[in-house]
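Q: model this:
(chains A and B)
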Amino acid sequence: MRVVIAEDQALLREGLVALLREHGIEVVAQAEDGPGLLRMIAGHKPDLAIVDVRLPPDFTDEGVRAAIEARERHPEVGVLILSQYVEPVYTAELLAGGEGGVGYLLKERVGDVPAFLDALQRVASGGTALDREVVAELVQGRGSSDQGPLEALTPREREVLSLMAEGRSNAAIAEALVITGGAVEKHISNIFSKLDLPATDDNHRRVLAVLTFLRATDAAQ
Amino acid sequence: MTASRRDWLLDVGARAGVEAAYLAVGLATSVLALAVWIVGVTATLSLVVFVVGLPVFLLSAMAFRWTAELDRRNAALVLGRPLHGRYRDHKGEPFLARLASTARDRQTWKDLAWLVTHSTVGLVFGAVAVGAVLQVVAVWLMPFWFWTIPDGVDWGLWNVDTLGEALLMMPLAIPLAAIAVVLLRLMSAGESKLATALLDSPGDVAAERPLRPPPDLSALLTPQALVSGFLALLTTLIWAFTGGYFWPVWVWLGLALPLALTLGIRRARREPPGFQRRFAVQLAISAVLGGTTIIVWLLAGRGTFWPVWTLLGLGTLLGVHWLVAMMWVRVFPGVREQELVERVDELTRTRRGALDVQDAELRRIERDLHDGAQARLVALSMQLGRAEENLSGQPEVAELVRQARDEASAAIAELRDLSRGIAPPVLADRGLAAAVEALGRRSAIPVSVDVELDRRPPGVLETAAYFVAAEALTNVAKHAPDSHALVTIAMDRGRLVVEVADDGPGGADPAGGGLMGLRGRVEALDGDLRVMSPAGAGTTIRAELPCES
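A: Next up, the predicted model:
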């Protein structure tokens, strides 16, 4: 996997680069601001861009803006936002810009190396990886009225869907909800049919289901 | 004479004039004080054996206070501010408790002490002041009046009875004036110091009793007119039966005088307060008295026009009043109003400045946390993760490292909550509209947001407005979970207005903990928070924050 990184804090950037190299992921370029990131994505055509929210010059949300632009210009490149705080507004904006290949994780999740590498793989191959706190905020904020297609889902199915949004595997979902793998599969196929998703490969359907879920929660306010 | 020296002389003269006026008014109040304290003390003491003495004591204390209040106001002439007496508040207390608290109020006894002292010291000082001023004027103007004294003016060893001698006396007015100035300065300083000691109590008693205004005599106009009319009619009828000299005209005059005074004062009190009103009141009284003397002269068979002296006296007093007012303005130009306006401006500015600094400081702390401690903890967590990876051969150690990483994560989460409490990042990054929309999205109830702002308000206002909306929405979700909420934010005549309305059951407690916290935040910015929550008709919380740019 080939990766570019936009992170202005040297300490974190060096740590991240070292960690990725240890696991055979090639860091082809490092950017320090938004325009730099866009140039490097255009020049190196990486599989994935890892972007900090706060970047020079103003240290506000330059990273999110650059990521949205990158997704518009290069939809084939996955974008993973790393941030020190959860901001559902930014997640919503990212998700609005395309189908998959997007993630938003808190920086400390990098410490759980296997999960982090897993998230990188998923985003690079067009899936999603949302921090469980992002999902929690979105779910918590779900208003009681108009939820579009989600209204057909049972509470259990919603739970399964929100765990899917975090990017958990079937086995992880089964473990979290203390049910069997078979039950999880049954819930997921119910979700797919209730949300009226086309019968393509399972991975893509998962992404679509999650996006439907997140957009519905976003529209519900 | 240089301009500065002339100014200095004018200032000295004006100041001496003001001090003379202060002592002269003090002379008048000292006479009043003498009457008030003697009557008050004797009446209370002689009646206290009967129960009636108790209310008389309260009345006396009130009279002491009113009389002392005159001297408090008078002190403004030389001190530039009226003195401020603090009294215990006994509003609504039963009679005996009022009695006790008035008796225990140190200011009551200080008032009495002042009246007793002032009725001697003030009397002497006032008489000396008036005498000194008259002496200087008399010596200076001697050529104009020495001839009115048949045997000449006896000036100590020297008898002034020719114009030459009188002219020679004139320069003597200069050293006399110098002595008078020093004397006036010393006496007014002494009297005002004494007044400050006894009548001014800066902030020691927490609860303060407001001064009850003296009864408004002008309200008695109608009954007074009726009674006067009746008496006039009665006396005229009596005269009609008895005949002789038409004496009722004197009764009419006697009845008309207070009536005219009441009317005149009532009219004068419509003037704006301050010098204009005081001057108008004096003018009205002078006009009534002058008019009365002229009528008396007419009724008493004319002859020499003696009322000229009354008119002259009244006119002189009016002139002195006007002069003193002008001098006071010179000594304390625009004093109180100007000072207060400046002080309020300054306090508003400095408080706003302090709040701006505080807001900027909090945001800096948030940024420092983000880039400093939080970033280091994230780096630590990353390194621990890498260490864990390399410890797959030693599962016990790997477990310890994992626990350490969890601790780091918990610390990071705590710092994150702390930062969010200072100001959520989206507020700093995107402004109020985005932040409040995010709030609505995160809320457990459906929220509509309508923000209309041309430009971003100052940071401190943004933060306050954000927390008003956040706290109000939390309250709605807690107390009216089935309702909808509407957040409106707009500028209205230089004020940033934040309104959160819901269609819930209403009946919110405006003194609730969360709302009180909000009120403090809003009021610190000179804003205003209102809670409208009629039972059954939803709750609206409206904050208005002044936002001058």
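Q: rest of the way, CA atoms for contacts and neighbours
A: Noted.
Q: residues of the helix or strand hosting residue A:188 that come out buried?
A: Counting by DSSP states H and E, the element that carries residue A:188 is helix A:181-194. Residues A:184, A:185, A:187, A:188, A:189, A:191, A:192 are the ones in helix A:181-194 that count as buried (16 or more other CA atoms under 10 Å in any protein chain shown).
Q: likewise stretch B:488-502?
A: Here stretch B:488-502 shows B:488, B:489, B:490, B:491, B:496, B:497, B:498, B:499, B:500, B:501, B:502 as buried, counting by 16+ other CA under 10 Å.
Q: likewise for stretch B:309-328?
A: Residues B:311, B:314, B:315, B:318, B:321, B:324, B:325, B:326, B:327, B:328 are the ones in stretch B:309-328 that count as buried (16+ other CA under 10 Å).
Q: the second one belongs to a helix, doesn't it?
A: Yes. According to DSSP: H, G, I helix; E, B strand; the rest coil, residue B:314 belongs to a helix.
Q: distance-wise, check it relative to residue B:295.
A: 16 Å (CA to CA, to the nearest Å).
Q: can you pull out the low-pLDDT segments for chain A?
A: A:138-149, A:199-204, A:215-221 (pLDDT under 70).
Q: and if you look at chain B?
A: Applying pLDDT under 70 to chain B flags the ranges B:1-3, B:91-92, B:155-157, B:202-220, B:329-339, B:513, B:548-549.
Q: residues from it in reach of chain A?
A: Proximity of chain B to chain A (CA under 8 Å from any CA of the partner chain) is limited to residues B:370-371, B:374-376, B:378-379, B:381-386, B:389, B:405, B:409, B:412, B:416, B:425-426, B:428-429, B:434, B:438, B:440-448.
Q: run a quick neighbour tally on the nearest residue to residue B:58 once chain neighbours are set aside.
A: Using CA to CA, 6 or more residues apart in numbering or on different chains and skipping the chain neighbours, the partner closest in space to residue B:58 is residue B:99 (6.7 Å). Per other CA atoms under 10 Å in any protein chain shown, the neighbour tally for residue B:99 reads 18.
Q: chain A: helices as residue ranges?
A: Applying DSSP state H to chain A gives helices spanning A:10-22, A:34-44, A:62-73, A:88-96, A:113-124, A:132-140, A:155-165, A:170-177, A:181-194, A:202-219.
Q: can you list those helices in TSV and add distance to chain B?
A: What follows is those, written out as TSV (distance: least, CA to the nearest CA, whole Å):
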stretch	distance to chain B
helix A:10-22	6
helix A:34-44	15
helix A:62-73	9
helix A:88-96	6
helix A:113-124	6
helix A:132-140	6
helix A:155-165	16
helix A:170-177	18
helix A:181-194	24
helix A:202-219	7
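Q: can you name every helix or strand that the helix holding residue A:188 contacts?
A: Applying 3 or more CA pairs under 8 Å, 6 or more residues apart in numbering or on different chains; DSSP states H and E, one finds that helix A:181-194 makes contact with helix A:155-165, helix A:170-177, helix A:202-219.
Q: run the last query once more with 7 Å
A: Helix A:181-194 sits against helix A:170-177, with contacts defined as 3 or more CA pairs under 7 Å, 6 or more residues apart in numbering or on different chains; DSSP states H and E.
Q: now the helix it packs on: how far from the chain's centre is it?
A: Here helix A:170-177 is found 19 Å from its chain centre; the criterion is CA atoms, centre = their mean, to the nearest Å.
Q: just want the angle from it to helix A:181-194.
A: Counting by axes from the mean of the first three to the mean of the last three CA atoms, to 10 degrees, helix A:170-177 points 100 degrees away from the direction of helix A:181-194.
Q: for helix A:170-177, which helices and strands make contact with it?
A: Counting contacts by 3+ CA pairs under 7 Å, 6+ apart, helix A:170-177 packs against helix A:181-194.
Q: can you report phi and psi for the residue nearest to residue B:123 when sequence neighbours are not counted?
A: Of all residues not flanking residue B:123 in the chain, residue B:27 sits nearest, at 5.0 Å (CA to CA, 6+ apart). Note on residue B:27: its backbone torsions stand at phi -60, psi -50 [degrees, to the nearest 10].
Q: doesn't residue B:488 belong to a strand?
A: Yes. Assigned with three-state DSSP, residue B:488 falls within a strand.
Q: hey, where'd the strands end up in the stretch 301-450 of chain B?
A: B:447-452 (DSSP state E, counting those that start in this stretch).
Q: in it, which residue sits closest to chain A?
A: Of all residues in the stretch 301-450 of chain B, residue B:442 sits closest to chain A, with a separation of 3.7 Å (CA to the nearest CA).
Q: ok, that residue - how many residues close by?
A: By other CA under 10 Å, 24 other residues sit near residue B:442.
Q: now do the residue lying closest to residue B:419 once chain neighbours are set aside against residue B:420, distance only.
A: Excluding the flanking residues, the one nearest residue B:419 by CA to CA, 6+ apart is residue B:366, at 5.4 Å. As for residue B:366, its distance to residue B:420 is 8 Å (criterion: CA to CA).
Q: between the two, who's got more neighbours?
A: For residue B:366 versus residue B:420, neighbours defined as other CA under 10 Å are more numerous around residue B:366 (22 against 16).
Q: now the farthest one out in chain B, which residue is it?
A: residue B:393 (80.6 Å; CA atoms, centre = their mean).
Q: just the buried residues of helix A:181-194 now: which is nearest residue B:539?
A: residue A:191 (39.2 Å; CA to CA).
Q: quick one: residues contacting the closest one.
A: A:153, A:157 (CA atoms under 7 Å, 6 or more residues apart in numbering or on different chains).
Q: ok so, going back, now, of the residues of chain B next to chain A, which are buried?
A: Burial by neighbour count, judged by 16+ other CA under 10 Å, picks out B:370, B:374-376, B:378-379, B:381-386, B:389, B:405, B:409, B:412, B:416, B:425-426, B:428-429, B:434, B:438, B:440-448 from the residues of chain B next to chain A.
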